[in-house]
Each structure stands twice: as C-alpha cells, then as structure tokens.
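[1] Everything below, folded, please.
(chains A and B)
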Amino acid sequence: MKKEIILIIFLALVMPLVSAGLFDWLKEKVQLAPAQPTDVRVQVRNIAPTIENINSIPAVNLNPAPSTTSVIFTFTARDRNSAADLNDATASANFSKIGEQTRTSPCTFQSQPNSREKIYQCTVNMQYYDDAGTWSIGVNVQDQGGLVAASSSSTFTVNLLRDITLSQATINFPSVAPEDVDIISTIPTTIANNGNFEVPVDGNIRITAFDLQGETTLSEIIPASNFRATGNSGIATVCSTGTPLVDSIAVSIPSTILPRGPAGSNTEDITNCITLVPIGISNQFYSATGGRAWIIGI
Amino acid sequence: MDNRNLIFSIMLILTISNVFALGINSPYWKDNPLKMYPGETRNIQFTLENSISEEKSAEAIVSLIDSSGISEIIGKTEFTIPPGSKDQKVELRVSIPDNAEIGKTYNIKFSIKPSNTQQEGNIQAVIGYDVEFPVIVTEKSQIPIEPISTTKKESKVYILIPILVVLIIAIGALYYIYRKKSNLNNI
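    Alright, predicted model coming up:
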C-alpha cells in the first residue's frame, strides 16, 4: 500500500510533463482502489522564451567619418507558451568588445514563421572609430510575464579602416638662404583619423620624402635627408631629435600618436625642419610636387 | 579687399579643395592574419572608400610592394572613387605552394597613392597607405569558415529525450498498478 502511495505521488508530479491526452486515457483505464473518481488539477506555467538563432553577420566595413555604419541582422525568438507571449517592445540588440563602448539598438518585429517563433530585425549603428577585431552580438527579448530570453554567443568581425585627411596639401617654409640652419615649417600639417586604425598600435605614420629640386635649375637640390619630422610631442626639438627623412623611402615617425575617436580627439600634427640649406645653391624656388610630392600615410 | 588679399584667398581655397581623401578597409591585418592551407588559392578583396562629405572623386593607383612570391593583384590597379562609394575593390590572388611548411608566415604589402596631384607650394603633401598583412600557413582543418559565426541553436533532441524517459517510467508505473489491481480482484 505504501508503494502505491509513493507511485501515485510520483505520477502526480510527472503528469504535467506529459500530454493532456494521457489524462483522458488515465481516467478511463485506471481506477484507484477503492474505485472512486479523483479530481486532477494541472497548472500550465509560464516558460521563459529562448533565442533560437542569430543570423550571422559578415565582416563589417566601417564608413569613414563623419558617417556611422548601420549593421542589420535578424534573430529568432521562441516561446513555448505561444509567439504572442513575446513582448515585441522589449526586443533589443547590442554589440560589445572589451574596452569599447557598447553599441545598442531596439529591434523590431519582422515576421512570425510559426505559432511559437518570431523573427526580429535589428539595426545597430557603429562609429567609424570602433575597434577592429571580433565583437560579440547580444540579443534579448522578454515575454509578457517579464521572463527574459538572452543570447550573447555569436560574434562578427569589424575590418580595419585606414582613412586619414590632411589639414592642408602643402608643407611650406619661409624664405631661406644658403647655410641657414634649423628652419621650421610655417604651420604644422594636421592629420585627422577618419577610421579605426590607431597609431602606434596598428602601425606608424610614415613619410616618403623626395629631394626638393630647383624650379629653374633642376640639377640643384635640397636633399630630403636635410629634413627632419616629428609629431606633437617633439615640436620643441624637431630640428635636433626629429626623425631624419630619406629620399624616396618611407620612413616611420616613431614620435607620432594618432588615436581613433570622435572629432577633436583623433588628430596628430606633423612639424618639419630643414636642418641645413646646402651651401652654394642658387637663388631660386625649390619644390617637390607632382610625382615627387611627399607622401604622408599610415 | 585689395587685389593681393583676393589672390591669397583664392589660392588658399584651391589648396584646401585639392586635399586627397581616401580610405581602405582591410579584412586582414597584423592582429587578424589570413590563414590558408598548402595548395590553397584564394581571392581576397580590400574596399576603397571615399567619405560622403567629400565634394569630388578620389583617383588612386594601387601597386604591389611585396608579393612574398605568393600574391598578385588581379583586376584593375587604377581607381576613381566617388564620394560615398564603397564598391571599389582592390583584389588580390593569394596562392600557397603545395609544399609550404605549416606555421610559415608570409607578409604581403601593397600601396595606394593618389594618381592626380596638382597642388602648389614648396612641398606638396599627399596621403598614401601601405597595406600590410600576414598570411599564415595552417592545417586545412583549422581554417575558419567565413563569415565567422558561433551562433548556438538549441537542439530539439535534447528536449525530447527527457520527455521520452518520463513517459516510459509513467507507462511502466501505470502498468504495475494495473497488474496489482487485477491481482487483487482475482483474490
């Protein structure tokens, strides 16, 4: 008798997990001794929804400043109580990466593929300076009872964007005379970072200089090696500690820092110095233009 | 405004409007190397971009600086990139030799320079990029499938198994009770 009681209690516990059709069969076939009808009461509880699928996001090419980049994707949520139990207004997505500001966005209902699932579309805006590398995708949605379905098991890649602009397209010096030393460029060249490439983390600023040729007597030159360049941190001593430039060769300027970030926080100034104007060159303009233009790059 | 100031102003505007603006998106870089297996050939693309805020197209020339003996530029090397454009691609073909050692790293480098430079001044400054990325020779089984996605989908099998087990136990228990009841009736 004791065994039967235990079994009855066990059955009462497992029955909610079995289909309702089994109760009908139970009523028909089983008569507990002494034979007497028994009331059965089952509460179907609210089950937390789940995230079934997050559509993969191909590698993202960021737009350069000042634009943002809209990353669009979908995810599927499932609720065993019915799709109508999902609260569309709570659907949201976020992209995260350690050390980066998390990008978030609400998501909108897109379609209902069956009675228990809904597909949501999310558009998350990323900034031009968001770090390159692997980002995590997080999505979540609640049901009407406030139970949450969340997933952050998917990732995607943000590509590396090299994009800089120069404040002016020329490097100008005041008038000089043979044997003059340590003449600094009239205004520094400001480099603005419009992408997510970071100096010196991802590489350096490089200058490819060319000898300045006489505009009248082409054979007379001011060699590129008579120039030095530096970043903001070395302006005061550019003529002595700046990096010497080399004709036709890209030279890294190690003193430069070009951060990625919003406008105003993403610039570096390059200052140049002529350490010596060669002796014996004639009075004329010397320049490097066209195919001999100096190349500033990353 | 006297004539001298007017000439200075015009020159300044011309100089500013001629600044070369161009960007390039790289799918591979120092911290995100391209992984390929011996004997594999793959075409990879780098996207040229010109900011939507620019007033005119950028013109650029691409040239391979270091092919490492495994790469070549396929398609065009001269580009005109309108403002807001994202559909201009530099395409490289990378071929790993059959006998390449697993773990070997190749470095590929190409440059992008403006093809149209007409500024005035002592020294004309233009923007250029040296795009450099490593290629690591890897076992074929270790090459990730792109796009990388680690989306986890809940399997229905794992839900059905416990339900099935509970059903079997319940049926067994019911059968036991039914038999017991039959025995009692017989007595």
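[2] In chain A, where is pLDDT below threshold?
    Applying pLDDT under 70 to chain A flags residues A:1-5, A:7-35.
[3] show me where it has helices.
    For chain A, the helices defined by DSSP state H cover A:2-14, A:21-29, A:238-241.
[4] got the buried residues for the top helix by length along chain B?
    Longest helix in chain B, counting residues (DSSP H): helix B:157-186. Across helix B:157-186, burial judged by 16 or more other C-beta atoms under 10 Å in any protein chain shown covers B:A170, B:A173, B:L174, B:I177, B:K181. For the C-beta atoms, the positions are set from N, CA and C on the backbone; glycine is no exception.
[5] For it, name the packing helices and strands.
    Counting contacts by 3 or more C-beta pairs under 8 Å, 6 or more residues apart in numbering or on different chains; DSSP states H and E, helix B:157-186 packs against helix A:2-14, helix A:21-29.
[6] Export the buried residues of helix B:157-186 as TSV, with columns for pLDDT and distance to A:T237.
    Listed next are those as TSV, based on pLDDT from 0 to 100; distance: C-beta to C-beta, whole Å:
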residue	pLDDT	distance to A:T237
B:A170	84	86
B:A173	83	89
B:L174	85	92
B:I177	82	96
B:K181	75	102
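[7] out of these, who's nearest A:R103?
    Comparing these against A:R103 with C-beta to C-beta places B:A170 closest, at 49.5 Å.
[8] domains of chain A?
    A:50-158, A:164-297 (automatic domain parsing).
[9] contacting residues for B:K86?
    Going by C-beta atoms under 8 Å, 6 or more residues apart in numbering or on different chains, B:K86 touches A:N61, A:N63, B:T47, B:E49.
[10] same check, this time on A:T68
    A:N125, A:M126, A:Q127, A:Y128.
[11] Can you tell me which of those are classed as buried?
    Buried subset of those (neighbour count, 16+ other C-beta under 10 Å): A:M126, A:Q127, A:Y128.
[12] Next, give phi and psi for the last one.
    Here the main-chain torsion angles of A:Y128 (degrees, to the nearest 10) amount to phi -60, psi -20.
[13] nearest residue to it other than its sequence neighbours?
    A:A65 (4.7 Å; C-beta to C-beta, 6 or more residues apart in numbering or on different chains).
[14] What separation do you get for the one you found and A:S136?
    In this view, A:A65 and A:S136 are 25 Å apart by C-beta to C-beta, to the nearest Å.
[15] out of those two, which sits in the more crowded spot?
    When A:A65 and A:S136 are compared for neighbours, A:A65 comes out ahead with 24 against 16, by other C-beta atoms under 10 Å in any protein chain shown.
[16] Pick out the residue nearest the middle of chain B.
    B:P27 (2.9 Å; C-alpha atoms, centre = their mean).
[17] Can you report how many residues lie near A:S111?
    A:S111: 11 neighbours (other C-beta under 10 Å).
[18] Show the contacting residues for the residue nearest to it when sequence neighbours are not counted.
    Nearest residue to A:S111 in three dimensions, chain neighbours excluded: A:I119, at 4.9 Å (C-beta to C-beta, 6+ apart). Residues near A:I119 by C-beta under 8 Å, 6+ apart: A:T74, A:F75, A:T76, A:F109, A:Q110, A:S111, A:Q112, A:P113.
[19] Let's see which of these end up in strands.
    Per DSSP state E, strands hold the following members of the contacts of A:I119: A:T74, A:F75, A:T76, A:F109, A:Q110, A:S111, A:Q112, A:P113.
[20] For the last one, which non-adjacent residue is closest in space?
    Right, A:P113. Closest to A:P113 by C-beta to C-beta, 6+ apart is A:I119, at 6.4 Å.
[21] Next one: that neighbour from chain B, what distance?
    Noted for A:I119: a distance of 14 Å to chain B, by C-beta to the nearest C-beta, to the nearest Å.
[22] re the thing from before, can you tell me which of the domains of chain A comes nearest to B:E59?
    Closest among these, using C-beta to C-beta: domain A:164-297, at 13.7 Å.
[23] distance between the ends of the closest one?
    8 Å (C-alpha to C-alpha, to the nearest Å).
[24] Counting neighbours, what do you get for A:S248?
    10.
[25] these two touch, right, it and A:F210?
    Yes - contact criterion C-beta atoms under 8 Å: A:S248 and A:F210 qualify, at 6.1 Å.
[26] and A:I222, how many neighbours?
    When neighbours are counted by other C-beta under 10 Å, A:I222 registers 23.
[27] how about the nearest residue to it, chain neighbours excluded?
    Counting by C-beta to C-beta, 6+ apart, the residue nearest A:I222 is A:L212, at 4.2 Å.
[28] ok, now which ones touch the one you found?
    Residues in contact with A:L212 (C-beta under 8 Å, 6+ apart) are A:I221, A:I222, A:A224, A:Y286, A:S287, A:A288, B:N122, B:I123.
[29] among those residues, which are in strands?
    Of these, the ones assigned to strands by DSSP E are A:I221, A:I222, A:Y286, A:S287, B:I123.
[30] roughly how far apart are the closest residue to the first one other than its chain neighbours and A:Q36?
    In other words, A:I221. Spatial nearest neighbour of A:I221, chain neighbours left out: A:D211 (4.4 Å); criterion: C-beta to C-beta, 6+ apart. Distance, A:D211 to A:Q36, by C-beta to C-beta: 110 Å.
[31] With A:R103 instead?
    On the measure of C-beta to C-beta, A:R103 and A:Q36 end up 64 Å apart.
[32] now do B:A125
    In terms of C-beta to C-beta, B:A125 sits 99 Å off from A:Q36.
[33] Who has more neighbours out of the two?
    The neighbour comparison of B:A125 against A:Q36 (other C-beta under 10 Å) goes to B:A125, with 27 against 7.
[34] contacting residues around the more buried one?
    A:L166, A:Q168, A:A169, A:T170, A:I171, A:T189, A:A293, A:W294, A:I295, A:I296, B:Q119.
[35] mind redoing it with 7 Å?
    A:L166, A:A169, A:T170, A:I171, A:T189, A:A293, A:W294, A:I296 (C-beta atoms under 7 Å, 6 or more residues apart in numbering or on different chains).
[36] Are any of those residues buried, and if so which?
    A:L166, A:A169, A:T170, A:I171, A:T189, A:A293, A:W294, A:I296.
[37] Am I right that the first one is in contact with B:I127?
    Yes - using C-beta atoms under 7 Å, A:L166 is in contact with B:I127, at 6.2 Å.
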